[in-house]
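S.K.: could you work out the structure for the sequence below:
(chains A, B and C)
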Amino acid sequence: MYDFLEREFFEQPTLEVSKNLLGKILLFNQLQGIITETEAYIGYDDPACHAAKGKTKRNQAMFERAGFSYVYMIYGMYFCLNIVTEKKDFPAAVLIRGIKLINVNKILNGPGKLCKELGINKEHNQLDMINNQQFSILNNNVKFPFEATPRIGITKGKENLWRFIVKVK
DNA sequence: GAATAGATCCGC
DNA sequence: CGGATCTATTCA
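M.R.: Next up, the predicted model:
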């Protein structure tokens, strides 16, 4: 019923992908959720980007082709889900921070809670989400008004308004 | 090998 | 605001 997003969608500039992902549907196994909050992490000049200083074992998924997943553990207890953007070997990704579950009246606000609830873990790192029936993004053909704010939880790069959140009224 | 910071969350 | 909890990365 919904279209799967093509790889070209994720090959756009990361800020554009971050905004355009709002309202799209995250599909993970049988669960679906409307994306309500995202953050952009972009390349070598973004001090908050995990890969700002180059490739490591943890961040290598960020160097994959656009449309791959980047899942990592944070604070010893939570996983965070990102979707890689732009060109292969350029480290950039969009952090999925919030979704509204479909068919269940539940809002998952926060990247750690979201992954815990869906069951996303390190096994789901560096997977291709294009043409993937279990783990992908669907086009909802809906646009929501949103606002841009500083990203959450970072110590460097706060001046960039690279967090995008659907405005609710 | 040790130290430490970290894209979080919850409860007080 | 602190504690939980742990790992990848950095430092010595």
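S.K.: which helix or strand contains the closest residue to DNA strand B within chain A?
M.R.: Of all residues in chain A, residue A:153 sits closest to DNA strand B, at 1.7 Å by Cβ to the nearest atom of the strand. For every residue, glycine as well, the C-beta is placed using N, CA and C. Using DSSP states H and E, no element contains residue A:153; it sits outside every helix and strand.
S.K.: with residue A:41 instead?
M.R.: If you go by DSSP H and E, residue A:41 is part of strand A:31-42.
S.K.: list the buried residues in stretch A:7-18.
M.R.: A:9, A:10, A:11, A:14, A:15, A:17, A:18 (16 or more other Cβ atoms under 10 Å).
S.K.: list the contacts of the fourth one.
M.R.: Under the criterion of Cβ atoms under 8 Å, 6 or more residues apart in numbering, the neighbours of residue A:14 are A:40, A:41, A:42, A:85, A:86, A:92, A:93, A:94.
S.K.: show me where chain A has its helices.
M.R.: Here chain A has its helices, by DSSP state H, at A:7-10, A:14-20, A:111-118.
S.K.: quick check: which helices or strands does the first one pack against?
M.R.: Spelled out, it's helix A:7-10. helix A:14-20 (3 or more Cβ pairs under 8 Å, 6 or more residues apart in numbering; DSSP states H and E).
S.K.: hmm, stretch A:78-85 in reach of DNA strand B?
M.R.: Yes: Stretch A:78-85 comes into contact with DNA strand B (Cβ under 7 Å from any atom of the strand), by way of A:78, A:80, A:82.
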